[in-house]
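Engineer: got a sequence here, can you model it:
(one chain, ligands or ions: 1)
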Amino acid sequence: MPKKAKPKTCPTCGAEFIPVIYGMPGSELFEAEERGEVVLGGCVPDFGPTVTWYCKGNPRHRIEEDRRGRLTVVESQDDDDLDFG
Ligand SMILES: [Zn+2]
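Structural biologist: Next comes the predicted model:
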């Protein structure tokens, strides 16, 4: 398996990326989410590309991972209700 690589900062706006954690989080992860260090994604999606990183500057900027593990920077039109404070 090739190691996943992601841009250090958002190529669109230059902000940091925040990892999305799927599955059942423990209390440490809830605390990390409150600090804005991670986004909790809930259950693992069954199909389609999975958002694995959100841009801290604009949650429409995100990195998706497809079923082959390839990472793609996308600018979504979806207005997900994320607030990184
Ligand atoms: Zn961005």
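
Engineer: may I have the beta-bridge partners of F17?
Structural biologist: Beta-bridge partners recorded for F17 (DSSP bridges): C55.

Engineer: residue contacts, it?
Structural biologist: Under the criterion of C-beta atoms under 8 Å, 6 or more residues apart in numbering, the neighbours of F17 are K6, P7, K8, T9, C10, W53, Y54, C55, K56, I63. Every residue, glycine included, has its C-beta placed from N, CA and C.

Engineer: now the second one. Its backbone dihedrals?
Structural biologist: Going back to what we said before, that points to P7. phi -60, psi 140 (degrees, to the nearest 10).

Engineer: quick check: which element contains the residue lying closest to it once chain neighbours are set aside?
Structural biologist: Setting aside the residues directly before and after it, P7 is nearest to V73 in space (C-beta to C-beta, 6 or more residues apart in numbering), at 6.6 Å. Secondary structure assigned from DSSP states H and E places V73 in strand 71-75.

Engineer: pull up the pairing partners for that strand, direction included.
Structural biologist: Assessed with DSSP bridges, strand 71-75 is paired to strand 61-65 (antiparallel).

Engineer: contacts for the partner strand, please.
Structural biologist: In contact with strand 61-65 (C-beta under 8 Å, 6+ apart) are residues 4, 6-7, 10, 12-13, 15, 17, 49-55, 71-76.

Engineer: redo that, cut-off 10 Å
Structural biologist: Judged by C-beta atoms under 10 Å, 6 or more residues apart in numbering, the contacts made with strand 61-65 from elsewhere in the structure are 4, 6-7, 10-13, 15, 17-20, 39, 48-55, 70-76, 78, 80, 82.
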